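Visitor: just coords:
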């Protein structure tokens, strides 16, 4: 499986982008882990609870792990996970963030929720020198459209590699850079 590596640089104030908006009936929020809240309301404990453990054990390069959530009433309709560098993303810098594992409820796909969430994550976490990444399977056209609409540029192409013979400890490797 090939992956596209997208990047948004906040090194020089970011790239120009068209601001994405969503239906006013939806409410959105940035969730950050606490000692007692493993995952936010409406989110399954596994696999996201593992990232809570990694966050509290300081296995991430910085403390900006979180989720951006969009609800329709009490129903979770979108989530985007924000992860700092860790063993799976060795190409990232210490302050960089990766946006992905992104999911939208099927009935709400195609409404710009993912692009909106990605732009909000950049807005809320931007700081000089920080880069934002998104790793997308080459055949995931909806995710590619969402990340490009949010202002990210295709940085390279690569693959997921096993580490010590196990996919669980695997990592993403950029094999060819475009920028």
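Guide: All right, it came through fine. Small disclaimer: the values here were computed from a predicted structure and weren't measured. Residues are numbered from 1 along each chain as shown.
Visitor: before we move on, which element is the nearest residue to residue 110 once chain neighbours are set aside in?
Guide: Leaving aside its sequence neighbours, residue 110 sits nearest to residue 142 (Cβ to Cβ, 6 or more residues apart in numbering; 7.6 Å). Placement of C-beta: from N, CA and C, glycine included. If you go by DSSP states H and E, residue 142 is part of helix 141-149.
Visitor: and that helix, which residues are buried?
Guide: Across helix 141-149, burial judged by 16 or more other Cβ atoms under 10 Å covers 143-144, 146-149.
Visitor: residue contacts, residue 80?
Guide: Neighbour list for residue 80: 67-68, 99-102, 114, 117-118, 121 [criterion: Cβ atoms under 8 Å, 6 or more residues apart in numbering].
Visitor: where do the helices of this structure begin and end?
Guide: Using DSSP state H, the helices of the chain run over residues 48-56, 113-125, 141-149.
Visitor: let me know which of the ones you listed is the nearest to residue 9.
Guide: Set against residue 9 and scored by Cβ to Cβ, the helices of the chain come closest in helix 113-125, at 10.3 Å.
Visitor: packing partners for the closest one?
Guide: Judged by 3 or more Cβ pairs under 8 Å, 6 or more residues apart in numbering; DSSP states H and E, helix 113-125 is in contact with strand 26-31, strand 66-72, strand 75-84, strand 97-104, strand 131-137, helix 141-149.
Visitor: kindly reformat these as TSV containing mean pLDDT.
Guide: Shown next, in TSV, are the helices and strands packed on helix 113-125 (pLDDT from 0 to 100):
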stretch	mean pLDDT
strand 26-31	96
strand 66-72	97
strand 75-84	97
strand 97-104	95
strand 131-137	97
helix 141-149	95
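Visitor: in CSV, list the ones you listed along with distance to residue 41.
Guide: Output for those, formatted as CSV (distance: least, Cβ to Cβ, whole Å):
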stretch, distance to residue 41
strand 26-31, 9
strand 66-72, 8
strand 75-84, 7
strand 97-104, 15
strand 131-137, 25
helix 141-149, 24
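Visitor: nearest to residue 157, out of the ones you listed?
Guide: Nearest to residue 157 among the helices and strands packed on helix 113-125 is strand 131-137; the distance by Cβ to Cβ comes to 10.5 Å.
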